[in-house]
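Chemist: Coordinates only, no sequence provided:
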């Protein structure tokens, strides 16, 4: 039983918010959804569709039961404990279930040509939205206005929605890696923008810094450190290299500049149908990069009371290196 | 242990994406989050904050263990099976855990004055965004452009983000209750707009129909039926009445007009920190309405190949009836 929404989409093409799939060993598959999606499922899905009036999983168990199969795998990362308890109760006595994880996610890690094309388009759209919004950035505008402008441009360029809440953080607020845009007027200083879009289901992700007015020496030095770490990490990306090795390159480069404690997150993450998906490019991730993986590379430093700097691209792993998909430049920008 | 994100927010004020709370019987509470949110948690939270470097739940179990307590409740609707398995493994031998549900959600159903004030503001904002976007609606524009306009207006008026993917569905596409905005140019005919916003964390939700050009007799009749059902349902809302009784009023009114099979969802749902929260205003929901609950009332009819009509307000339950919070009119609109 596949219950993760993006996993269902990956396997069936269905985009509705309520779904589950039953897939048998011989490849037979049924998509379950509710009456709100009867018409939509008919349009999107090639496999058998079953519209359940009550709970999807009960209907799914009935088909499982009729099939005579004895064991059903459940996606332990995509099923809450309460639903699992109900599910277990509805199973026939002779049957058992087995919590499993990462089966579809593993398939999803390596993107095929169609998916790579969609990620490329999403990344290009995201950068075009940034360019359009950049023209509106000046002192006196609020973080929230810039975020609204970015999301609007992105939508007009073809995005379904932002891939996450757009981050626009000025000055000391840039020290919060996940700042919510505020309503105060921006004054001269640093501005961190982290933005992404979903386009035809596929995500993009980019962070850029903009400096309003003349940047200080400290800002320039810090920017240089983060950029060097980002470029060094990108240089280390290729098929066969482990994620943790890439993360280590980031950390060691930042350490050279005295920034080891200021980097409080991982180097990056896979992206595709989800904005965060496998593999995680972090300290402990042993997964080896493969050609066709799409990941972010996004070192950052955060200093309470001063601000923060992050630089992030979406990158495609290739056989002998990687391709930086993000077209936006990374020179220090003063506006 | 509270692991539901909105439950954590409700109890602590923390808005970060990664959190859990440990609350003891005597009221002592600790919020757990990760280093990305160190600064933010310090600003938002009054109770004790613990920033965990590794997995939050392992750190939380350590505190539980030190306390000498013997049993810990887990939120079965807000913990996936995989996390629960890890959690169970990390518990000390002498301790047990108990899956529970709905404890914080039940507290959240009835809104206090501050929350009602925030929902009011969210609903007003949503209607103002609709008014602004309405001026841009004409044949030749796309569903997607209208949705982008709505989201932009909403953001500029102070929303953090849409409460759900804005639905703009023209003509036959209005037959899909959860249509995604398309990129085709709109021609004369019906247009369904379902929109909501989060403002200071609280949701609004509204559906309105707009007709481009002269409406047909069939459209007018159908609109009248849905509006009568909506008004009748609203009339039935008051403290002490069960949710299923309200749903029944909707169904019976639609049936009078011959629309019983065309209404494929529930009458409405609670809203607050989530766009869908308890209680569900549906066929089987026995929960009795209480003063201070905020719910939607949203009957709709959907006819494949023709289109669909839905009318939805956000409504506040009061002691002797209800207050329709949504200020937008419901007369049939032709533009």
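Modeler: On my side now, so go ahead. These figures come from a predicted structure and were not determined experimentally.
Chemist: Is residue A:21 inside a helix or a strand, and which specific one?
Modeler: strand A:19-23 (DSSP states H and E).
Chemist: next helix or strand past that strand?
Modeler: Downstream of strand A:19-23, the first helix or strand assigned by DSSP H and E is strand A:29-33.
Chemist: Any residue of that next one touching chain B?
Modeler: No: Strand A:29-33 does not reach chain B (Cβ under 8 Å from any Cβ of the partner chain); its nearest approach is 10.5 Å. Every residue, glycine included, has its C-beta placed from N, CA and C.
Chemist: in the helix ranked longest in chain A, what counts as buried?
Modeler: If you go by DSSP state H, chain A has its longest helix at helix A:113-134. Neighbour counts over helix A:113-134 (16 or more other Cβ atoms under 10 Å in any protein chain shown) mark A:115-116, A:118-130, A:132-134 as buried.
Chemist: ok, residue A:275 - how many residues close by?
Modeler: 18 (other Cβ atoms under 10 Å in any protein chain shown).
Chemist: Double-check it against residue A:202; I have them as touching.
Modeler: No: taking contacts as Cβ atoms under 8 Å, residue A:275 lies outside contact range of residue A:202: 10.0 Å.
Chemist: related to what we said a few turns ago, which residues sit against the very next helix or strand once past the longest helix of chain A?
Modeler: Using DSSP H and E, the helix or strand that follows helix A:113-134 towards the C-terminus is helix A:143-156. Here helix A:143-156 makes contact (Cβ atoms under 8 Å, 6 or more residues apart in numbering or on different chains) with A:125-126, A:128-130, A:132-133, A:136-137, A:161-162, A:165-170, A:173, A:179, A:181-184, A:186, A:191, A:193, A:195, A:197, B:144-145, B:147-149, B:151-152, B:155-156, B:158.
Chemist: at 6 Å what do you get?
Modeler: The contact list for helix A:143-156 (Cβ atoms under 6 Å, 6 or more residues apart in numbering or on different chains) reads A:129, A:132-133, A:136, A:162, A:166, A:168, A:170, A:181-183, A:195, A:197, B:148, B:152, B:155-156.
Chemist: List only those of these flagged as buried.
Modeler: Among those, those classed as buried by 16+ other Cβ under 10 Å are A:129, A:132-133, A:162, A:166, A:168, A:170, A:181, A:195, A:197, B:148, B:152, B:155-156.
Chemist: how far is stretch A:270-281 from where the chain is centred?
Modeler: Centre-to-centre, stretch A:270-281 and its host chain are 5 Å apart (Cα atoms, centre = their mean, to the nearest Å).
Chemist: How about residues contacting that stretch?
Modeler: Residues from elsewhere that reach stretch A:270-281, judged by Cβ under 6 Å, 6+ apart: A:6, A:9-10, A:105, A:108-109, A:163-164, A:196, A:201, A:203, A:205, A:243, A:246-247, A:266-269, A:285, A:287, A:294-295.
Chemist: what comes up buried for that stretch?
Modeler: A:270, A:271, A:272, A:273, A:274, A:275, A:276, A:277, A:278, A:279, A:280, A:281.
Chemist: so which of these comes closest to chain B?
Modeler: residue A:276 (10.0 Å; Cβ to the nearest Cβ).
Chemist: Would you check how far apart the closest one and residue A:88 are?
Modeler: The gap separating residue A:276 from residue A:88 is 29 Å, by Cβ to Cβ, to the nearest Å.
Chemist: And residue A:223, by the same measure?
Modeler: From residue A:223 to residue A:88 the distance is 54 Å (Cβ to Cβ).
Chemist: try residue A:233
Modeler: Separation of residue A:233 from residue A:88 (Cβ to Cβ): 44 Å.
Chemist: Could you report the neighbour count for the closest residue to residue A:188 other than its chain neighbours?
Modeler: Sequence neighbours aside, residue A:213 is the residue nearest to residue A:188 in space, at 3.5 Å (criterion: Cβ to Cβ, 6 or more residues apart in numbering or on different chains). Counted by other Cβ under 10 Å, the residues lying close to residue A:213 total 12.
Chemist: quick revisit: which one of residue A:233 and residue A:88 has more residues nearby?
Modeler: Using other Cβ under 10 Å as the criterion, residue A:233 and residue A:88 rank with residue A:233 on top: 27 against 13.
Chemist: wait, that one sits on residue A:298?
Modeler: No: between residue A:233 and residue A:298 there is no contact under Cβ atoms under 6 Å: 8.9 Å.
Chemist: Now do the helices for the stretch 151-300 of chain A: every range, in order, please.
Modeler: In the stretch 151-300 of chain A, the helices defined using DSSP state H, counting those that start in this stretch lie at A:217-236, A:243-256.
Chemist: can you tell me which residues contact residue A:295?
Modeler: A:268, A:270, A:281, A:315.
Chemist: no, scratch that, I was asking about residue A:6
Modeler: With Cβ under 6 Å, 6+ apart, residue A:6 has these contacts: A:273, A:274.
Chemist: Least confident secondary structure element in chain A?
Modeler: Ranking every helix and strand in chain A by mean pLDDT, DSSP states H and E puts helix A:38-44 at the bottom, with a mean of 92.
Chemist: residue contacts, the closest residue to chain B within the stretch 201-335 of chain A?
Modeler: Nearest residue of the stretch 201-335 of chain A to chain B (Cβ to the nearest Cβ) works out as residue A:264 at 4.2 Å. With contact set as Cβ under 6 Å, 6+ apart, residue A:264 has these partners: A:302, B:35, B:36.
Chemist: Quick check: ChimeraX command selecting the buried ones in the residues you listed.
Modeler: In ChimeraX syntax, the buried subset of the contacts of residue A:264 is picked out as below (16+ other Cβ under 10 Å):
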select /A:302 /B:36
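Chemist: Closest one of the contacts of residue A:264 to residue A:319?
Modeler: Nearest to residue A:319 among those: residue B:36, at 33.6 Å, using Cβ to Cβ.
Chemist: Quick check: pLDDT value at that closest one.
Modeler: At residue B:36, the predicted lDDT confidence score is 85.
Chemist: So it is in contact with residue A:177, correct?
Modeler: Yes: the pair residue B:36 / residue A:177 is scored as a contact, 4.4 Å apart, by Cβ under 6 Å.
Chemist: Out of the contacts of residue A:264, name the ones that lie in helices.
Modeler: Per DSSP H, those never map to helices.
Chemist: Go through the contacts of residue A:264 and name the one nearest residue B:257.
Modeler: Checking these against residue B:257 with Cβ to Cβ, the nearest one is residue B:36 at 53.5 Å.
Chemist: Which parts of the stretch 151-300 of chain A are strands?
Modeler: Remark: strands assigned in the stretch 151-300 of chain A by DSSP state E, counting those that start in this stretch are A:161-162, A:167-170, A:189-195, A:197-199, A:202-203, A:206-212, A:268-270, A:277-281, A:294-297, A:300-303.
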